[in-house]
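> Attaching a predicted model along with its sequence, questions to come.
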Amino acid sequence: MAKVIDLTGRKFGKLTAYSFAHVELSSGRQMAAWLCICDCGNKKIVQGHHLRGGKTRSCGCASHDWAKKEGGSRKEWPEYLVYRAMINRCENKNVRGYKHYGGRGIKVCRKWRHGDGRLSGFECFIADMGRRPKGLTIERNDPNGNYEPENCRWATPEEQRVNTRRSIHAYVGGVRVPLIKYAKRTGIRYEKLRSRVRKGMTVGSAARLLLRAGAMVVATSVFTPDIAVAHDWYPFACCSNFDCRAVGAVKERPEGYVVPSGEVVPMTDKRVRHSPDGLFHWCTVAGKDDGKTICLFVPPRAF
């Protein structure tokens, strides 16, 4: 047996190492272990590397108390299957898909893997992510980032399909969003926008070109209000540099401008402003596609 690291008197979660012991595995190999006393009074022999690595932090009472509080054994939760699958993708070379996760250096953060304080890794995972809504699964905002609280959320299958390493992304107001969502937001045909971006055009240049060319979708009620296309000339007092976006579905009529929501904004209305880039930009309350118009940036009139 290799040189033993003395853990006597050290505390690991609810366990305090009391005296040295050893555990004999089925193979006959002896592993360094310690007789530990739990805060609840129970005694438990734990392998030293499990104590140091944070795998075992109580005699079992902490998990029992937590499961009793939350309801049911944690292994019965659907979130536990997600949690174990996440770890396997990153650490088990025999798992299908490992090359796309652990093989690329993707890791599970230490807090979720080994726990924090009296909480196990899974308990920390639930504390940060919450219970999984029906039909959703774990998603990394940055497909090249690790599994950690700041980079993970519960997402729909559709959201996951458009957020992959192969997806093209646009930066909107400093926020990274999939190109397909950008296209839906602006009303541009996604296939045409993607084609031009792949040929080397920037997203902004391709979008302006296609909007001028009229490459819009037939229906424009597909806007997703969680994305706003910000420009430095959007007035903060009116749009807060957030609620405005370029649109290609504004119609010019003698009575005024018909915006995607169907509202008619008279051409003499004080909400109508000059568009510096020659495109229509529409600002609504909270950026919603059925919201009331706050202001409308317009190119030179056709009438």
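Sure, I can see it. Residues are numbered from 1 along each chain as shown.

> Do you know the pLDDT at the residue nearest to residue 266 when sequence neighbours are not counted?
Taking CB to CB, 6 or more residues apart in numbering, and ignoring the residues beside it in sequence, residue 266 has residue 256 as its nearest neighbour in space, at 4.2 Å. Using the backbone N, CA and C atoms, a C-beta is placed for each residue, glycine as well. pLDDT recorded at residue 256 is 90.

> how much space is there between residue 256 and residue 161?
Distance, residue 256 to residue 161, by CB to CB, to the nearest Å: 39 Å.

> So those two - more neighbours on which side?
Neighbour tally, residue 256 and residue 161, criterion other CB atoms under 10 Å: the higher count belongs to residue 256, 17 against 12.

> ok, now which ones touch the more buried one?
Residue 256 is in contact with 264, 265, 266, 267, 269, counting by CB atoms under 8 Å, 6 or more residues apart in numbering.

> mean confidence score for the one helix or strand residue 124 maps to?
Assessed by DSSP states H and E, residue 124 sits inside helix 121-129. On average, the pLDDT along helix 121-129 is 86.

> again, but for stretch 259-272
For stretch 259-272, the mean confidence score works out to 90.

> Can I get it in PDB, CA atoms only?
Extracted in PDB, the C-alpha atoms of stretch 259-272 (Å, rounded to 0.1, in the frame of the first residue of the first chain):
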ATOM      1  CA  VAL A 259     -46.300  47.800 -38.500                       C
ATOM      2  CA  PRO A 260     -46.300  44.000 -38.000                       C
ATOM      3  CA  SER A 261     -48.800  44.200 -35.200                       C
ATOM      4  CA  GLY A 262     -51.300  45.800 -37.500                       C
ATOM      5  CA  GLU A 263     -51.200  49.200 -35.800                       C
ATOM      6  CA  VAL A 264     -51.200  52.200 -38.200                       C
ATOM      7  CA  VAL A 265     -48.700  54.900 -37.200                       C
ATOM      8  CA  PRO A 266     -49.500  58.200 -39.100                       C
ATOM      9  CA  MET A 267     -46.600  59.600 -41.000                       C
ATOM     10  CA  THR A 268     -47.000  62.900 -39.100                       C
ATOM     11  CA  ASP A 269     -46.900  61.100 -35.700                       C
ATOM     12  CA  LYS A 270     -44.100  62.300 -33.400                       C
ATOM     13  CA  ARG A 271     -43.100  58.700 -32.900                       C
ATOM     14  CA  VAL A 272     -41.900  58.500 -36.500                       C
END
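
> Could you list the buried residues of it?
Neighbour counts using 16 or more other CB atoms under 10 Å place 259, 260, 261, 263, 265, 267, 272 of stretch 259-272 among the buried residues.

> Kindly report the same for stretch 275-288.
Of the residues in stretch 275-288, those buried (16+ other CB under 10 Å) are 275, 279, 280, 281, 282, 283, 284, 287.
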